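>>> return a 3D structure for these sequence lines:
(2 chains)
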Amino acid sequence: MQIFPCPFCGPRDETEFTFATEAGKTRPEPAKDVSAEAWSDYLVTNVNPRGATREVWLHQTCGEFFVMERDTVTHAVTGSNAARGGGA
Amino acid sequence: MTKRYSAFGLFREGLRGHSGWQPAWRTPTPKARYDVIIVGGGGQGLATAYYLAKNHGITNVAVIEKGWLGGGNTGRNTTTIRSNYFYPESVALYDFALKLYEGLSRELNYNIMLSQRGVVTVSHSDAEMEIAARIVNAMQINGTDAELLSREGVIEKAPLLNQSPEARYPIFGGVWQGRAGVARHDAVAWGYARAADAAGVDIIQNCEVAGFIVENGRCVGVETSQGAIRADHTALCVAGHSGVLAAKAGFQLPIRSYSLQAMVSEPVKPCLDTVVLYLGTGTYLFQSDKGEIVVGGGIDRVPSYAQRGNPPVQQAILSGMLEMFPSFGQLKMLRQWAGVVDVVPDSSPIIGPSPLAGLLLNCGWGTGGFKSIPAGGWLTAHLIAKGEHHDISRPFDLERFATGRLIDEAAGSGIAH
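So this is what the prediction gives:
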């Protein structure tokens, strides 16, 4: 059982958390000018890195989204920051 | 020349100390140039090479494998084969695979140990029975075999199931597909490898692809740990690592990688002769030919390239097994393992051209790569040889994510990926 660090609540059991998306994506705007390909890129394509990654996670217990830095092979967590204030 | 396996050959070798067997495939040094390079020596890649040779006469082909044949997801799945899907496009694809599997041992002259023992998907309420009836109707309309089972029908298939009135997930009935079953996964990879090799295909193991050679915007080969290899066409058949290879080719895919784990118990006497899935627990299991209970469930919750499982999902799978079969609480679990699966938003595979000309995709199978090996290989070979989609593969093109013509099997048949 892995422990994840919520920046608001501290270390908690991994089952309290839900993966949301990879960090660093910007929603294309304005909507009427966005091509189907650009919208598809935003919604579904991923870097999906093997190794170090930055991801947006939800701590279901407190309801806050935050950014977690993690390794997708070793599962080591190296950072955890609030999404507010431009962290994502 | 590859010797054909036969009962007489086995008898003869038995009499002379098994001294006459020969390797099932060669270990060639890669040539500088091929007509086709297939990256990935799992079931999908090997089947693609075999059908290129058999269906299209293209034999100047290299299969390049980072590790050893079938050492990735082909050797890490739970060997189940079925086509109990909801959408016509999916049934066309998976039932094509099942039909090819039905004749594969004879065709490859290699016993894949196909056992069509059937799959029962169990429902736990009147509402779930309506969903089950909807899936049975869809499967029958799409031309595959399906039957709606009553509670008694389910219990007849698997008498050890928890029949208690206190059960958390009571048995109301279920969906039955009798042609579904299991096959020996290693034998599928080895059988295709042997047949492809016999047709002239070079199978190159322990050779990692480091990058792609691009000239005038077209992929013309790969850089590998054994040097540059060039070809007119390259196909990516690398389950679990499609995103990593796509990054080397300069594009991204609608794929996220997750571990999918499974477990196996000590072998016990025959007690279960079908494959059982509970909609309520998400756990499925069957008894292997060796007597072990093979158990699996949904994918892990954490995006990952680690070939191991994570404990919360393992706990859910095992508690699901005990809910379904309380008597299995006596079993000792022997092994647990995981493979890395390509999960796509609509839970359907991607077959077709990539954003880089000259490079084709066969990926995104999620948890369904093994059952679809013959169809995936057949269709990828067709794409390479003809330069256009087969009718069955056309709906699975990458462009569906931009056009919105998704085939959402997670919503359709309620599968776990």
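>>> so the residue positioned nearest the centre of chain A, which state does it fall into?
Taking CA atoms, centre = their mean, the centroid of chain A lies closest to residue A:56, which sits 1.4 Å from it. What DSSP: H, G, I helix; E, B strand; the rest coil gives for residue A:56 is strand.
>>> nearest residue to it other than its sequence neighbours?
residue A:20 (4.3 Å; CB to CB, 6 or more residues apart in numbering or on different chains). C-beta here means a position set from N, CA and C on the backbone, and glycine is covered the same way.
>>> after the helix or strand harbouring that neighbour, which helix or strand is next?
If you go by DSSP states H and E, residue A:20 is part of strand A:17-22. Going down the chain from strand A:17-22, the next helix or strand is helix A:36-44, by DSSP H and E.
>>> ok, how many other residues are close to the closest residue to residue A:49 other than its chain neighbours?
Closest residue to residue A:49 apart from its sequence neighbours, by CB to CB, 6+ apart: residue A:72 at 6.5 Å. If you count neighbours by other CB atoms under 10 Å in any protein chain shown, residue A:72 ends up with 22.
>>> same question, residue B:405
12.
>>> tell me the confidence at it?
pLDDT, residue B:405: 94.
>>> all strands of the stretch 1-150 of chain B, in order?
Along the stretch 1-150 of chain B, the segments classed as strands by DSSP state E, counting those that start in this stretch run B:33-39, B:61-64, B:80-81, B:119-123, B:147-150.
>>> repeat for the stretch 201-350 of chain B
So, for the stretch 201-350 of chain B - with DSSP E, counting those that start in this stretch - the strands run B:202-204, B:209-215, B:218-224, B:227-236, B:256-267, B:275-278, B:284-287, B:292-296, B:333-343, B:350-353.
>>> make CSV out of these and add mean pLDDT and mean neighbour count.
Listed next are the strands of the stretch 201-350 of chain B as CSV, based on pLDDT from 0 to 100; neighbours: other CB atoms under 10 Å in any protein chain shown:
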stretch, mean pLDDT, mean neighbour count
strand B:202-204, 98, 23
strand B:209-215, 97, 16
strand B:218-224, 98, 20
strand B:227-236, 98, 21
strand B:256-267, 96, 22
strand B:275-278, 96, 25
strand B:284-287, 97, 25
strand B:292-296, 97, 22
strand B:333-343, 95, 19
strand B:350-353, 98, 23
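>>> so which bits of chain A are right by chain B?
Residues of chain A lying near chain B by CB under 8 Å from any CB of the partner chain: A:1-2, A:14-15, A:18-19, A:36-37, A:39-41, A:43-51, A:53, A:55, A:72-75.
>>> I'd like to know which of those are buried.
Taking 16 or more other CB atoms under 10 Å in any protein chain shown as the criterion, what is buried in the residues of chain A next to chain B is A:14-15, A:19, A:39-41, A:44-50, A:53, A:55, A:72.
>>> for the closest residue to residue B:139 other than its chain neighbours, give its distance to residue B:263.
Once flanking residues are discounted, residue B:139 sits nearest to residue B:146: 3.6 Å by CB to CB, 6+ apart. From residue B:146 across to residue B:263, the span is 29 Å (CB to CB, to the nearest Å).
>>> now swap in residue B:367 and tell me
Applying CB to CB, the value for residue B:367 to residue B:263 is 15 Å.
>>> how many residues are close by residue A:31?
Using other CB under 10 Å, the number of residues around residue A:31 comes to 8.
>>> for it, give me the pLDDT.
Looking at residue A:31, the pLDDT reads 90.
>>> what of residue B:1?
Residue B:1 is assigned 53 on the pLDDT scale.
>>> just to revisit the earlier point, OK, contacts around the residue nearest to residue A:49?
A:49, A:50, A:51, A:53, B:257, B:303, B:304, B:305, B:306 (CB atoms under 8 Å, 6 or more residues apart in numbering or on different chains).
>>> near chain A, anything from stretch B:320-336?
No. Judged by CB under 8 Å from any CB, stretch B:320-336 stays clear of chain A, getting no closer than 14.9 Å.
>>> quick one: terminal-to-terminal distance for that stretch?
16 Å (CA to CA, to the nearest Å).
>>> contacts for it next, please.
B:122, B:160-162, B:164, B:167-169, B:261-266, B:268, B:272, B:276, B:278, B:280-283, B:285, B:292-293, B:295, B:297, B:309, B:314, B:318.
>>> same check, this time on stretch A:35-55
Contacts of stretch A:35-55 (CB under 8 Å, 6+ apart): A:19-28, A:34, A:67-73, A:78-79, B:241, B:243-244, B:247, B:252-257, B:303, B:305, B:345, B:401-404.
>>> any of those buried? List them.
For these, a burial check counting by 16+ other CB under 10 Å picks out A:19-20, A:22-23, A:67-68, A:70-72, B:241, B:243-244, B:247, B:253-257, B:303, B:305, B:345, B:401-402.
>>> neighbours around the residue of the stretch 51-200 of chain B found nearest chain A, how many?
For the stretch 51-200 of chain B and chain A, the shortest gap (CB to the nearest CB) falls at residue B:66, measuring 12.6 Å. If you count neighbours by other CB under 10 Å, residue B:66 ends up with 18.
>>> just give the nearest non-adjacent residue to it, would you?
Per CB to CB, 6+ apart, closest to residue B:66 is residue B:208, 4.5 Å.
>>> shouldn't the one you found be in contact with residue B:224?
Yes. Using CB atoms under 8 Å, residue B:208 makes contact with residue B:224 at a distance of 6.4 Å.
>>> what does chain B put close to chain A?
B:241, B:243-244, B:247, B:252-257, B:301-306, B:310-312, B:345, B:401-404.
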